[in-house]
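missing the sequence, but the structure's below:
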Ligand code: UD1
Ligand code: UDP
């Protein structure tokens, strides 16, 4: 069976790695039923720190195709991807296309496959913020409605799909990002030197990330968030902010230079895991980082009004604080441990389950 995986943005390299590992494991154990994976990188992310570093660190093999699409407005970026992916699909003729998450690369991969009647598997299906102003919400709704197989990380995701009338091909498998974290957390502890490099002590700093369009593209919001982070730093808690290139550019445009914050380049995945694990507090608008905070049981303040990862909030480990300075500061002051209990994100074997389901259906 021939699979074609479409990735393009930082979190997708991280999500694709456990599945590629599970495919290789399946192939070692079942040489008579080989799954052949072709890896296509749209080039949505292209800086070394946003792309190559993950291929190196996660031992992902180099993409078979790199479309080099790069940045641009939504329509142009997605349209160029659609055209180029279609060409590859016509050449490769895969039996199945795999897409991850909710980026423009996800949407382009999903549309290209569906129009050519190639079965589509959507990993991380069923997530909803119920906010259609988010580009990601549009991408994930469309990908779900085009998919043949919908691999959901949580029960909530399955229920969201059912409300939209999607019940066929839906499988609750757990979260591949949890698989990835379980595989890499020990490695991070062994290999990463990030704490020494940044002269940080465990529990002695807060970690922040900001990159959502709704926060970066509005100078008022961006300034409101950086003021809150600076207030925390002013109280003696160093705030480390690995800057997404989008945010670096947005700070420049808004004329902001938050000098109290430790602005650093985007870090590698292993460095990020270690920074998260030892942070006293995490403040973020990232989907992946919210969950990783929860996996490590580090209190998290989410710089958004809503989240797709409700379980992190219900457990008390994550608080939605939006973008207003005072609200963020209050939430940070009150942040503490949530409750224990079972993992709502599976047992770290989501990728294996996905492979089993695909193989059984083939
Ligand atoms: C994209 C996803 C978002 C995801 C994020 C992960 C969409 C609509 N958004 O957002 O869901 O959370 O990736 O990080 O797909 N840039 C660089 N170098 C790079 C990549 C980007 O300089 O390697 C800059 C460019 O100025 C670009 C901007 O960042 O215009 C935004 O990049 P883009 O890929 O369009 O969206 P993200 O904000 O990264
Ligand atoms: N990440 C990373 N280095 C960074 C920031 C994030 O490796 O400097 C990882 C993070 O640990 C998580 C993923 O990137 O696994 C999240 O990606 P991002 O925040 O870009 O996107 P989102 O999850 O919001 O779509």
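Great, that's in hand. Only a predicted model underlies this, so the values are computations on that prediction, with no experimental measurement involved. Numbering: from 1, shown residues only. Ligands and ions are numbered 1, 2, ... in the order given.

What number of residues are in the vicinity of the residue in the stretch 1-150 of the chain that ligand 2 sits nearest to?
Nearest to ligand 2 in the stretch 1-150 of the chain, going by Cβ to the nearest ligand atom, is residue 11, at a distance of 3.7 Å. Glycine gets a C-beta too; all of them are placed from N, C-alpha and C. By the other Cβ atoms under 10 Å criterion, the neighbourhood of residue 11 contains 22 residues.

Pretty sure it sits against residue 288.
Yes. If you go by Cβ atoms under 8 Å, residue 11 and residue 288 touch, sitting 4.9 Å apart.

who touches both of the two?
residue 177 (Cβ atoms under 8 Å, 6 or more residues apart in numbering).

about what we covered before: point me to the helix or strand that includes the residue of the stretch 1-150 of the chain closest to ligand 2.
Residue 11 is part of helix 10-29, with elements assigned from DSSP states H and E.

chain center to that helix: distance?
How far helix 10-29 lies from its chain's middle: 15 Å, per Cα atoms, centre = their mean, to the nearest Å.

what comes up buried for it?
Of the residues in helix 10-29, those buried by neighbour count under the rule 16 or more other Cβ atoms under 10 Å are 10-23, 26.

same deal with stretch 305-317?
Using 16+ other Cβ under 10 Å as the burial criterion, the residues of stretch 305-317 that qualify are 307-313, 315, 317.

mind listing which of those residues are in helices?
The members of the buried residues of stretch 305-317 that map onto helices under DSSP state H are 310-313.

returning to that earlier point: nearest to ligand 1, of the buried residues of helix 10-29?
Nearest to ligand 1 among the buried residues of helix 10-29 is residue 10, at 4.4 Å by Cβ to the nearest ligand atom.

how much space is there between that closest one and residue 46?
Taking Cβ to Cβ, to the nearest Å as the measure, residue 10 and residue 46 are separated by 11 Å.

can you narrow the buried residues of helix 10-29 to ones near ligand 1?
For ligand 1, the contacts drawn from the buried residues of helix 10-29 by Cβ under 6 Å from any ligand atom are 10-11.

from the buried residues of helix 10-29, which two are the most distant?
For the buried residues of helix 10-29, the farthest-apart pair by Cβ to Cβ is 10 and 26; their separation is 26.1 Å.

For residue 73, grab the count of nearby residues.
With neighbours defined by other Cβ under 10 Å, the count for residue 73 comes to 8.

What of residue 334?
11.

May I have the secondary structure class of the residue lying closest to it once chain neighbours are set aside?
Setting aside the residues directly before and after it, residue 334 is nearest to residue 319 in space (Cβ to Cβ, 6 or more residues apart in numbering), at 7.5 Å. Judged by DSSP: H, G, I helix; E, B strand; the rest coil, the three-state class of residue 319 is strand.

Please name the bridge partners of residue 319.
For residue 319, the residues forming beta bridges with it (DSSP bridges) are residue 301.

Would you confirm that it contacts residue 335?
Yes. Here residue 319 reaches residue 335: they are 6.4 Å apart, a contact under Cβ under 8 Å.

Tell me the residues of the stretch 101-250 of the chain that contact ligand 1?
With the criterion set to Cβ under 6 Å from any ligand atom, the stretch 101-250 of the chain comes near ligand 1 through 102-104, 135-136, 211, 244-246, 249.

Tell me which two in the residues you listed are the farthest apart.
Checking these against each other with Cβ to Cβ, the farthest-apart pair comes out as 102 and 249, at 21.8 Å.

So for the two, which residue has more residues nearby?
Shown here are residue 102 and residue 249; by other Cβ under 10 Å, residue 102 has more neighbours (29 against 12).

Now do residue 338 against ligand 2, distance only.
Using Cβ to the nearest ligand atom, to the nearest Å, we find residue 338 at a distance of 20 Å from ligand 2.

For that residue, which residues are in contact?
With contacts taken as Cβ under 8 Å, 6+ apart, residue 338 has the following neighbours: 297, 299, 315-318.

and which of those residues is nearest to ligand 2?
residue 318 (13.7 Å).

excluding its backbone neighbours, what's nearest that closest one?
If the residues on either side of it in the chain are set aside, residue 318 comes closest to residue 312, at 3.8 Å by Cβ to Cβ, 6+ apart.
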